[in-house]
Structure formats: structure tokens, C-alpha cells
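K.L.:
Turn this into a model:
(chains A and B)
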Number of protein chains: 2
Amino acid sequence: MTGLTGVRACVFDAYGTLFDVHSAANALKADIGPEADRLSMLWRDKQVGYSWLLSLMGDAYKPFWEVTQDALDYAMEATGLADRKDLRQRLLDLYFTLAAYPEVPGMLAGLKAKGLSTAILSNGSPDMLNGAVSSANVGGVLDAVLSVEDVGIFKPAPSVYQLVMDRFGLTKRDEVLFMSSNGWDAAAASHFGFRVVWINRSGLPLERLPGTPVAIKNDLTGLADMIDV
Amino acid sequence: MTGLTGVRACVFDAYGTLFDVHSAANALKADIGPEADRLSMLWRDKQVGYSWLLSLMGDAYKPFWEVTQDALDYAMEATGLADRKDLRQRLLDLYFTLAAYPEVPGMLAGLKAKGLSTAILSNGSPDMLNGAVSSANVGGVLDAVLSVEDVGIFKPAPSVYQLVMDRFGLTKRDEVLFMSSNGWDAAAASHFGFRVVWINRSGLPLERLPGTPVAIKNDLTGLADMIDV
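P.N.:
Numbers count the residues shown, from 1 in each chain, chains lettered A, B, ... in the order given. Sure thing, here's the model as predicted:
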């Protein structure tokens, strides 16, 4: 593709996009046993699903940190690990120090070197996001860390994506280039009006949802090279 | 438990509760091949997930019949069956004649014999619901078939559950006894204020969501015996 022009802010989803949500369970894989992968997948699926359901109920929003614990409790019961209270605490502790994908620090530095604004837009609670940003040592190459906690509803509600417009004082939605590895987030952000690069780390089919990414990549390597400033 | 008193309407979720959503893929199992079960699970998961996402986007509602087709297209691609256009059409045709669970006709007749009002409350498009009700021959023991199409948003939005109150002219939400096999639907209906019996057909853990069922059963057998009129 030719270079993208007119981009003013590069905004990233956090979990699954910059930070590897499965790194927590992976770090304890030997201790968890044969259900480790299923536990991790189910934890993530329930975390996301609960965020949608609580948002739709209208009066049931709670911080993502509580949702993350609820989802883990479900996943541990479903995989026969409900009695492993030690494991529960260690998995939750690890969520504050999730590994960043290896290309992330260099990629963010490359965007800053081009004079672009950078930000995270995430369902995560501010303390969760601060922990992951600090642990990955990327605070210096991020201009903003935006949490849905300011609007009290989760993605893909439009008011979440609007946070980016307000923070950077933008009026044209397509001045935002948004990156997410979550196909549904990529679709919804595109439907909102952002230009979107779907980071399809797992090689999944395109979601049959409104909104179409302008590009699809396997990871974030080379992102800065796609943008003409 | 002692008998439930003060129940005026018994309302049922359709898909998974009265009708077996996996009966379509099961009927074609030999033709689909080894991916049949995964196709069916993924089809259902995407169907439900898309209904939540479209609702949250705010301006993206489309009829459940379209959502059902979108979800099947995703599931067929994910299982390597995208080229089987013949299969796609046969699976969709079967969705209009899903099998009812065996206890359903007798259970509904038992409720009517006690003088209770009965209804379906479903995400399904009216034509889908009419097809399944007709195929299962339960139209004569249902007082109403309510579709979210009248409010243009999917479960678990409160306006969906409100349809029941309006249809039966009720003012107290706990006069409704609501049955769903979907744990999230059971939780949300309970959070809305219905009394809920979760029909936990698959022996799953309780969802960590607001709202608590008044009872949990493996199937719908004996439901009428739980109600004192």
C-alpha cells in the first residue's frame, strides 16, 4: 500500500495489541498443568464478554479490574482449578506486569521520531494500565493513556472512541490511526470513523461486523514506515 | 424448594432453551466432517457475540437472521469450510426447523393447564421464531412470541425484557418467571427483576454477572410443578 497521509494521532488498544494477555498464564504454565491454555483462553473470553454484557445492561458497569477477577473465577471453576487460591493471586499479580510484544518499544519510539502523537485507548482500569506501561518501560513514548473508566462503559460504545477525539482536540475522525489485535475492536473503531490497522496476530478470519480496516498486519513491526508525515 | 407463588407469566428464551441450536449442524454431521462440532459452537458463539457488539455500537442493529448468516460465514471460514456453499444453505434452512427439546411441548401444556400465561422472548427475527414454533408444533400453547425486533436492540438491553411487561400489562417485574439456558441471559433477566430459572443444560459454572436465578435445573422437566397457582 502507499503511505497513509493526514494521520495526527496513533492510538493503540492495550490488551492483546501491545501487551500479551496470555503471558500471565504462560509464566505459570508448569504449575497450572494441562489446562493452562484453556484457562487463559477462557479467562480472556469471559473478560471481554462480561465487559460487553455489563455495558449492555445499562446500569451494571464496574471497573475492568473487577471484571478481570470475575472472569478468572469463572475460568478457574470451568477448568477444575477453583481451589487453587494461590494460583488465582499470582495470575492477578502478573496481570500488572504483562509482557509487551517484542516490537512494541521500538515501534512507539519510531512514531515519536516522526513527530506523531501516541496513545493507548483501553478498557483497562488506570492502575492496571499504569502497571503494564511502567513494566514495559514505554511511558516515555506515549503521550496519553486513556481508560474507559472516564466514560463508565466499555468498548465498542462510541463514547469510548470519542475519548481520543477529545483528548487530542481533533474534529476529523480519520485523523486517528487506530491499532487493535481484537477484530471486533478494529471493526468498531473503523465503523466509528478511525482509520484502523488490524493487528491479526493469530491469523483469524475477518469479523463479519460493520467497519473495515485500511490494512491488516501480523504484528506492529514497520508501522511507522506506513505513515507519511 | 417450596412452590413459587405470584407468578403471572412464564416466559422462555428460544435458542438453546426451547430449541436446540446445535440440531442443525448435528443433522448434517456426516457431511460436514470432523469440524462439525467446532463449526456449530463457533457459529453460536459468534451469533451471540455479534448481537452484543452490534447493540453496543449504537447504530448498527440488524435483524437476527442477518446476524445468524454473518456468524455462519465466520465459522465456516474459521473451520476451512468457506467453499461449501451447499452446506451453508442447508444449515440456514435447518435453522427454521430446529428441533425442540423433547420435554418442551408437554411442559408448555402443563403451564397452560394451570392457567398461566406463556411466551417466548427472543433475539430471533419474527420469521425465524414462527418457523421454529410451527415446526415444533407449540403455537397452541404459547400466548405470545416476542421478538427484539420491536425495540431494535438485542438482549441483555433492559428494553428487551421490558417487552414482556408491556405485552402482559404487568407492573411488578417479579410476576414474570423467566427461563433461559444461556447463563448471561438468566443473569441479566434476574438483574432486570424477573424471577429466573436457569436451565443449565450443559452443566456450566454460574456466570459472574449481576443477578441471581431463583433456581437452577438441568432441563425444563417438571417446571409446572414448581409453581403454586
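K.L.:
what's the domain layout of chain A?
P.N.:
If you go by automatic domain parsing, the domain ranges for chain A are A:9-20+A:98-226, A:23-96.
K.L.:
Kindly reformat those domains as JSON lines containing mean neighbour count and distance to B:Thr5.
P.N.:
Any C-beta I mention is one placed from the backbone N, CA and C, and that applies to glycine too. What follows is the domains of chain A, written out as JSON lines (neighbours: other Cβ atoms under 10 Å in any protein chain shown; distance: least, Cβ to Cβ, whole Å):
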{"stretch": "domain A:9-20+A:98-226", "mean neighbour count": "19", "distance to B:Thr5": "38"}
{"stretch": "domain A:23-96", "mean neighbour count": "18", "distance to B:Thr5": "27"}
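K.L.:
Those domains: which one's closest to B:Val197?
P.N.:
domain A:23-96 (19.5 Å; Cβ to Cβ).
K.L.:
if we can go back for a sec, among the domains of chain A, which is nearest B:Pro158?
P.N.:
domain A:23-96 (5.4 Å).
K.L.:
I'd like the distance from the closest one to the chain centre, please.
P.N.:
Distance of domain A:23-96 from the chain centroid (Cα atoms, centre = their mean, to the nearest Å) equals 16 Å.
K.L.:
cool, stretch A:124-141 as well?
P.N.:
12 Å.
K.L.:
before we move on, back to that, as a markdown table, the domains of chain A with distance to chain B and mean pLDDT would be great.
P.N.:
Shown next, in a markdown table, are the domains of chain A (distance: least, Cβ to the nearest Cβ, whole Å; pLDDT from 0 to 100):
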| stretch | distance to chain B | mean pLDDT |
| --- | --- | --- |
| domain A:9-20+A:98-226 | 4 | 97 |
| domain A:23-96 | 4 | 96 |
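K.L.:
closest to B:Ser190 out of the ones you listed?
P.N.:
domain A:23-96 (10.9 Å).
K.L.:
From the contact counts, what lies against the longest helix along chain A?
P.N.:
Across chain A, the longest stretch assigned as helix under DSSP state H is helix A:36-57. Counting contacts by 3 or more Cβ pairs under 8 Å, 6 or more residues apart in numbering or on different chains; DSSP states H and E, helix A:36-57 packs against helix A:23-27, helix A:64-78, helix B:36-57, helix B:183-192.
K.L.:
next SSE after the first one?
P.N.:
Pointing back at helix A:23-27 there. As assigned by DSSP states H and E, the chain's next helix or strand after helix A:23-27 is helix A:29-32.
K.L.:
in chain A, which spans are strands?
P.N.:
Assigned strands in chain A, in chain order: A:9-12, A:117-122, A:144-147, A:176-180, A:195-199, A:215-217 (criterion: DSSP state E).
K.L.:
Format those strands as TSV; extra columns: distance to B:Gln89.
P.N.:
Shown next, in TSV, are those (distance: least, Cβ to Cβ, whole Å):
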stretch	distance to B:Gln89
strand A:9-12	41
strand A:117-122	40
strand A:144-147	45
strand A:176-180	33
strand A:195-199	29
strand A:215-217	29
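K.L.:
returning to that earlier point: so for B:Val214, which of the domains of chain A sits nearest?
P.N.:
domain A:23-96 (18.7 Å).
K.L.:
Any idea how far apart the tips of that closest one sit?
P.N.:
Domain A:23-96 has an end-to-end distance of 11 Å (Cα to Cα, to the nearest Å).
K.L.:
ok, back up a step: between the domains of chain A, which one is nearest to B:Leu204?
P.N.:
In terms of Cβ to Cβ, the element of these nearest to B:Leu204 is domain A:23-96, at 7.2 Å.
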